[in-house]
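>>> Quick check, what structure comes out for this input:
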Amino acid sequence: MSLSIITGRLSEKEVRERLFSCTNADVIDEIYRFGQMMLKETLEVGRVLDSKAAQLAAFGSAVTTLLVSTSGSWYRLGNRWTLLLAALAGLAGFIAAMCAAQGLALREFDWLGEKEWLEPSCFTDINKLKRYRALTIWGAMDSHKDAHLGKALQLRRAEKALVVSVFFLLLVLLQIALVNFNN
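Alright, predicted model coming up:
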């Protein structure tokens with residue numbers, strides 16, 4: 001199954017066919033306006049993903065820092081198993097932070113430029129210009145969506161690693177409670 005089927009995305013060929021089959025000026029105008037709105041939404045999704053990546057990186061770093069800075073206490077309060085569980089929690093927190101940081105990494109994407117803005121072959125017909133610009137808006141959105149998919153994959157990994165880290169941290173606390181309850 002192709003990615004375009006999974007996400008409902010169109011190929012460039014499909015977009016071109018749809019745009020150039022339309023001749024009604026009002027419909028072309030609506031397609032153009034809606035494309036502008038969709039591009040703004042696509043950019044907002046990128047900002048949301050970056051914000052989430054920053055939060056996950058901070059949580060993963062906080063868990064790792066907490067565990068490393070208090071590692072001496074874990075052993076005194078528990079036993080060797082407590083230290084092992086704390087190390088696993090710290091490692092998972094570190095992996096979460098690294099995956100989230102990779103999600104924050106800059107990605108290459110296509111964007112609108114002067115060529116698209118001032119395409120001379122479209123200067124004689126407003127509908128041709130709007131169809132052309134709708135196509136370039138689609139190209140920018142499609143490229144951003146590819147970048148978003150890469151970020152989302154890294155964020156999913158970071159979330160899973162953070163869940164594992166919290167699970168091991170809870171086991172550490174349970175282990176400490178059991179060791180101290182038996183003493």
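
>>> what packs against the host helix or strand of residue 16?
Residue 16 is located in helix 12-21, with elements delineated by DSSP states H and E. When contacts are defined as 3 or more C-beta pairs under 8 Å, 6 or more residues apart in numbering; DSSP states H and E, helix 12-21 packs onto helix 126-182. In this view, the C-beta of every residue, glycine as well, is placed from N, C-alpha and C.

>>> Against which helices or strands is the helix it packs on packed?
Using 3+ C-beta pairs under 8 Å, 6+ apart as the contact test, the elements touching helix 126-182 are helix 12-21, helix 25-69, helix 71-77, helix 80-104, helix 114-117.

>>> For residue 106, which three-state class applies?
Following DSSP: H, G, I helix; E, B strand; the rest coil, we place residue 106 in the coil state.

>>> tell me the contacts of it?
By C-beta atoms under 8 Å, 6 or more residues apart in numbering, the contact set of residue 106 is empty.

>>> how close does it sit to residue 46?
11 Å (C-beta to C-beta, to the nearest Å).

>>> ok, residue 60 - contacts?
Contacts for residue 60 (C-beta under 8 Å, 6+ apart) come out as 93-100, 158, 161-162, 165.

>>> which among those residues gets closest to residue 177?
Distance to residue 177 across the contacts of residue 60 (C-beta to C-beta) is lowest for residue 165, with 19.0 Å.

>>> pLDDT at the closest one, what is it?
On the pLDDT scale, residue 165 is placed at 96.
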